[in-house]
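S.K.: Quick one: sequence and predicted model below, then my questions.
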Amino acid sequence: MLGIKLYGGQHCIPGNIIVRQRGTEYHPGINVGLGRDHTIYALTEGYVKFAYNKFNKRRSISVQLLPQQQQQQQQHEQKALQQVRLQLP
């Protein structure tokens, strides 16, 4: 069965199939993977987001992180930046 399995704004967990398709009608965005059969699936927990880029005329699908995960990711990135700054001469 081809088609959209999770719609925009719906909650997903890692491994959830978002779209089953033949060819890349929808392109993978952030926090999603593309299977061998062009299936788009979630890599992280969050909410599904559909987007359209009018410049290259592509529809893409991303997974937005939950607010708690966004804070944790930002803190992790800040710590990594501080470590890089300390290593620079």
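M.R.: The structure has been received and is ready for your questions. All figures in this text were calculated on a predicted structure; none of them were measured in a lab.
S.K.: Okay, buried residues for whichever strand or helix holds His27 please.
M.R.: Taking DSSP states H and E as the definition, His27 sits inside strand 26-28. For strand 26-28, a neighbour-count test (16 or more other C-beta atoms under 10 Å) marks 26-28 as buried. Placement of C-beta: from N, CA and C, glycine included.
S.K.: just those residues now: which is nearest Gln73?
M.R.: Nearest to Gln73 among the buried residues of strand 26-28 is Pro28, at 19.0 Å by C-beta to C-beta.
S.K.: Do I have it right that that closest one meets Leu34?
M.R.: Yes. Using C-beta atoms under 8 Å, Pro28 is in contact with Leu34, at 4.6 Å.
S.K.: Mutual contacts of the two, please.
M.R.: Common contact partners of Pro28 and Leu34 (C-beta atoms under 8 Å, 6 or more residues apart in numbering): Ile40.
S.K.: Now do the helices in this protein.
M.R.: Assigned by DSSP state H, the helices in the chain fall at 67-87.
S.K.: which secondary element of it has the worst mean pLDDT?
M.R.: Least confident helix or strand, the chain: helix 67-87 with a mean of 81, by mean pLDDT, DSSP states H and E.
S.K.: Convert the C-alpha atoms of that helix to PDB, please.
M.R.: The C-alpha trace of helix 67-87 is given here as PDB (Å, rounded to 0.1, in the frame of the first residue of the first chain):
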ATOM      1  CA  PRO A  67      10.700  20.900  22.700                       C
ATOM      2  CA  GLN A  68      12.600  19.000  25.300                       C
ATOM      3  CA  GLN A  69      14.800  17.400  22.700                       C
ATOM      4  CA  GLN A  70      15.500  20.700  21.100                       C
ATOM      5  CA  GLN A  71      16.800  22.100  24.400                       C
ATOM      6  CA  GLN A  72      19.000  19.100  24.900                       C
ATOM      7  CA  GLN A  73      20.400  19.300  21.400                       C
ATOM      8  CA  GLN A  74      21.100  23.000  21.800                       C
ATOM      9  CA  GLN A  75      23.000  22.400  25.000                       C
ATOM     10  CA  HIS A  76      24.900  19.600  23.500                       C
ATOM     11  CA  GLU A  77      25.900  21.800  20.500                       C
ATOM     12  CA  GLN A  78      27.000  24.600  22.900                       C
ATOM     13  CA  LYS A  79      29.200  22.200  24.800                       C
ATOM     14  CA  ALA A  80      30.800  21.000  21.600                       C
ATOM     15  CA  LEU A  81      31.500  24.500  20.500                       C
ATOM     16  CA  GLN A  82      33.100  25.400  23.800                       C
ATOM     17  CA  GLN A  83      35.400  22.300  23.500                       C
ATOM     18  CA  VAL A  84      36.400  23.300  20.000                       C
ATOM     19  CA  ARG A  85      37.200  26.900  21.200                       C
ATOM     20  CA  LEU A  86      39.300  25.600  24.000                       C
ATOM     21  CA  GLN A  87      41.300  23.400  21.600                       C
END
